[in-house]
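Q: Next comes the sequence, and after it the predicted model I'd like to discuss.
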Amino acid sequence: IWSDYWAIPKSSERKAAADLLDAVTSKLPQYVYIYDLKAKRYRYVNRSLAEQLGYPTDQRAAIDAGPLAQLVHPENLPGLSQLGAELKSAADGSIVAAELRLREHGGEWRCFRVSTQVFRRGPTGEPREVLGVLADITQRQKQRAHAGQSAKMEAVGQLAASVAHEYNNLLTAMSLNVSYLLETSRPGVAGHRELQELDATITRAGGLTKHLLSFTQNTKKQVQPLNLVAMLGQATPYLQRLLGPRVAVTTSLGSSPIWVEADTHELEQVLINLGVNARDAMPSGGTFSIRLKQSDGEVCVEVSDTGPGIAQGLRDQVFEPFFTTRTGLGTGLGLTSVQRIIAGYGGSVTLVDSEARGARFAIRLPTCAAPPDVASQPAVAPTIVLVVEDEPSLRRLVVDLLRREGLQVEPAGDCDEARAVLDSGVEPDLVLCDLMLPKKHGADVVRELRERLPEIKALFLSGYAGEPGIEDPLLAKPFTPTQLINAVEALLSEQ
C-alpha cells in the first residue's frame with residue numbers, strides 16, 4: 001500500500017522499482033511500515049495490520065491509519081514511549097527494539113517484537129520518518145514459557161524423588177514395626193484397633209509418596225497383570241478425598257475381575273489427571289463418574305463429569321501439550337500424560353462427548369489372562385540372604401523379619417561391609433540392596449558382587465520409583481512384610 005508520497009513516479013524506473021519492492025515486501029510474514037513523525041501518518045505499509053489481527057473489513061481502514069498505540073496493551077504503553085525517545089537520539093542505522101502486546105479482534109492479546117530505525121531526517125537532523133518491522137512472536141513466547149515450565153517441573157521432580165526416598169525409609173520402618181505388633185496382638189486386645197488404624201494410615205502415606213514420585217522422570221514401570229475392578233475400587237476413596245466434598249465420585253464397576261497389563265501407579269495418575277480436570281470444570285460442584293464396559297479383548301473405562309463440557313472448537317486441541325483453558329491454572333500436560341500412559345499399554349483415549357452434557361472420555365485397554373495363583377507356588381528356601389541397607393532401623397527390621405522366616409541373613413550397611421561379608425567366605429544366594437547408598441550406588445554394589453558371585457540374585461529396595469537401566473526387580477518403599485517375603489520367595493524359586 002503506497003501513499004501519495006511514494007506513488008508519484010519520477011520516472012518509469014522509479015515506478016518499476018517501487019512495484020518490485022511492493023511485490024517483495026507483501027510476501028514477508030512481518031508487518032513493515034514507514035511512519036512520518038511530523039505528519040503523523042503512514043507513508044508505507046506492506047500489509048493490513050488490522051487484517052492480521054483479525055478485525056472485520058469495515059474496521060481495518062481506520063485501524064491501519066491510526067496510531068499503533070491504539071492497539072497496544074496498557075502495560076506496554078510506557079515501553080512504546082521509551083522507544084520513541086530512544087529513536088530521537090539514535091544514530092543512523094541503529095536498531096531500537098521493544099516487545100509489545102497488540103489487541104486482536106475479540107480482545108485477546110498477541111505478542112510482537114517491533115524493530116525500528118530512523119529512515120529519513122529533517123533539515124536540522126531530527127528524525128522525520130521511521131522504518132519499522134513488526135514480527136509476531138506469540139508462538140515463540142509460548143515456547144519460552146513452556147520451556148520454563150518444563151524446567152520447573154523437572155526441578156520439582158528431582159525434589160519430590162529426594163524427599164520421597166527419605167520419607168519412604170521412615171514409612172517402611174514404621175510399617176514393619178506395626179506389622180510385627182499386629183502379628184503378636186489379637187482382636188479385642190487393648191490397642192489392637194489403634195494398631196490397625198495406624199497400619200492403614202501408613203499405607204495411605206505410602207500412596208502419597210507414590211503420587212509425589214509421578215513428578216520425576218526417573219520412574220520405572222512395574223507392569224503386571226492388574227485387576228482393574230479392584231484397582232478402581234481401591235482408588236475411589238482417595239479420589240473422593242482429592243476432589244473434595246463438592247464433587248461426588250460415583251462408580252459402576254461390576255464384581256467380576258477384569259485383568260489388564262499395566263502399572264498401578266500410572267493408572268492412578270490417569271484417574272487423578274481426569275478427576276482434577278473435572279473438579280476444576282465444576283467450581284460449584286457436580287458428579288465425577290467412572291464406568292467399566294468389557295467387550296471382546298478390551299475394556300473401556302468411561303470417565304465423565306457434569307461440568308459445562310468442552311467447546312466444539314477446542315476438541316481437537318485438548319490432547320496437545322501445554323494446552324489449557326484454565327487461565328493461570330495447570331500446566332496443560334494432564335491430558336497429554338493420560339494419552340501417553342494409555343498409548344504405552346496399546347490403548348487409546350478419546351473425547352467421546354462434550355458441550356452441554358459435560359465432558360466424557362473413553363479409555364480403551366486390551367485385556368489379558370488372569371495371573372496364576374502366587375500363593376499356590378511352592379517357596380524355595382534360600383541358603384543365605386545379604387541385606388545391604390544404610391538406614392540402621394530399617395536394616396534391623398528387614399534382617400529380623402527374614403530370620404523369623406527361617407532364612408540365614410547377613411547384614412551390611414554399605415558397600416565396604418558387603419564386601420567384608422564375602423571376604424569372610426560367605427556366599428549369599430540373594431542380595432537385598434538399597435539403591436541409594438552413601439558411598440556407592442546400589443547397582444554398582446550388585447555389579448561388584450556379581451564379579452565374585454556371578455549367579456547371585458538381586459532385589460533392589462528403594463524410596464525412589466526406580467531408575468532406567470535397572471533390570472533386576474525392585475521393591476518400592478514402603479512395603480509390608482508380606483510383600484517383602486513374597487518378593488524374596490519369588491526370586492529364590494526362579495531356576
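A: That came through, no problem. Numbering: from 1, shown residues only.
Q: what pLDDT does the closest residue to Tyr44 other than its chain neighbours get?
A: In space, and not counting its chain neighbours, Tyr44 is closest to Ile34: 4.3 Å by Cβ to Cβ, 6 or more residues apart in numbering. Just so you know, the C-beta spots here come from the backbone N, C-alpha and C atoms, and that holds for glycine as well. For Ile34, the model assigns a pLDDT of 85.
Q: residues near Ile34, how many?
A: 18 (other Cβ atoms under 10 Å).
Q: The stretch 151-300 of the chain: strands as residue ranges?
A: 224-227, 247-252, 259-262, 286-295, 298-305 (DSSP state E, counting those that start in this stretch).
Q: Go through the ones you listed and name the closest to Thr480.
A: Nearest to Thr480 among the strands of the stretch 151-300 of the chain is strand 224-227; the distance by Cβ to Cβ comes to 16.9 Å.
Q: list the buried ones in the closest one?
A: By neighbour count on 16 or more other Cβ atoms under 10 Å, the buried set for strand 224-227 is Leu226, Asn227.
Q: likewise stretch 237-245?
A: Neighbour-count burial for stretch 237-245, with 16+ other Cβ under 10 Å as criterion, is recorded at Tyr238, Leu239, Gln240, Leu242, Leu243.
Q: and what of stretch 484-493?
A: Neighbour-count burial for stretch 484-493 [16+ other Cβ under 10 Å]: Leu484, Ile485, Asn486, Ala487, Val488, Glu489, Leu491, Leu492.
Q: one step back: please convert the strands of the stretch 151-300 of the chain to CSV, extending it with distance to Ala16 and mean pLDDT.
A: Output for these, formatted as CSV (distance: least, Cβ to Cβ, whole Å; pLDDT from 0 to 100):
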stretch, distance to Ala16, mean pLDDT
strand 224-227, 75, 89
strand 247-252, 70, 88
strand 259-262, 70, 93
strand 286-295, 68, 91
strand 298-305, 64, 92
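Q: Export those to CSV and append columns for distance to Ser81.
A: Below are those laid out as CSV (distance: least, Cβ to Cβ, whole Å):
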stretch, distance to Ser81
strand 224-227, 63
strand 247-252, 49
strand 259-262, 59
strand 286-295, 49
strand 298-305, 48
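Q: Inside helices: which ones of the buried residues of stretch 484-493?
A: Leu484, Ile485, Asn486, Ala487, Val488, Glu489, Leu491, Leu492 (DSSP state H).
Q: out of those residues, which one sits closest to Ala151?
A: So of those, ranked by how close each gets to Ala151 (Cβ to Cβ), first place is Ala487, at 36.6 Å.
Q: and the nearest residue to Leu71 once chain neighbours are set aside, what does it touch?
A: Residue nearest to Leu71 in three dimensions, not counting chain neighbours: Leu102, with 4.5 Å by Cβ to Cβ, 6+ apart. Residues near Leu102 by Cβ atoms under 8 Å, 6 or more residues apart in numbering: Leu49, Leu53, Leu71, Val72, His73, Trp109, Arg110, Phe112.
Q: secondary structure element for Leu102?
A: strand 96-103 (DSSP states H and E).
Q: Go through the protein and flag its longest strand.
A: strand 109-121 (DSSP state E).
Q: what angle separates the helix or strand following that one from strand 109-121?
A: Downstream of strand 109-121, the first helix or strand assigned by DSSP H and E is strand 127-136. In terms of direction (axes from the mean of the first three to the mean of the last three Cα atoms, to 10 degrees), strand 127-136 departs from strand 109-121 by 150 degrees.
Q: Could you name the helices and strands sitting against strand 127-136?
A: Packed against strand 127-136 by the contact rule (3 or more Cβ pairs under 8 Å, 6 or more residues apart in numbering; DSSP states H and E) you find strand 31-36, helix 77-89, strand 109-121.
Q: And the helices in the stretch 201-350 of the chain?
A: If you assign secondary structure with DSSP state H, counting those that start in this stretch, the helices in the stretch 201-350 of the chain sit at 228-243, 264-281, 334-343.
Q: quick one, what contacts Glu30?
A: Quick fix: residue 30 is Gln, not Glu. Val133, Leu134, Ala135, Asp136.
Q: Name the member of these that has the highest neighbour count.
A: Leu134 (21 neighbours).
Q: Is it bridged to anything, and to what?
A: Tyr31, Val114 (DSSP bridges).
Q: Now do Ala362 against His265, distance only.
A: The gap separating Ala362 from His265 is 22 Å, by Cβ to Cβ, to the nearest Å.
Q: Kindly apply the preceding question to Arg120 instead.
A: Applying Cβ to Cβ to Arg120 and His265 gives a distance of 67 Å.
Q: Of these two, give the one with the bigger neighbour count.
A: Per other Cβ under 10 Å, whichever of Arg120 and His265 has more neighbours is His265, with 17 against 13.
Q: From Thr250, how far out is the more buried one?
A: Taking Cβ to Cβ, one finds His265 at 23 Å from Thr250.
Q: Then Asp390?
A: 46 Å.
Q: And for Cys111?
A: The value you get for Cys111 to Thr250, if Cβ to Cβ is used, is 44 Å.
Q: and the two? which has more neighbours close in?
A: Each of Cys111 and Thr250 has its neighbours counted (other Cβ under 10 Å); Cys111 has more, 18 against 12.
Q: Identify the residues contacting that one.
A: Counting by Cβ under 8 Å, 6+ apart, Cys111 touches Glu99, Leu100, Arg101, Asp136, Ile137, Thr138, Arg140, Gln141.
Q: any idea how far Leu100 is from the closest residue to the last one other than its chain neighbours?
A: Counting by Cβ to Cβ, 6+ apart, Gln141 lies nearest to Cys111, which is 4.7 Å off, once chain neighbours are set aside. Computed as Cβ to Cβ, the Cys111 to Leu100 distance reads 8 Å.
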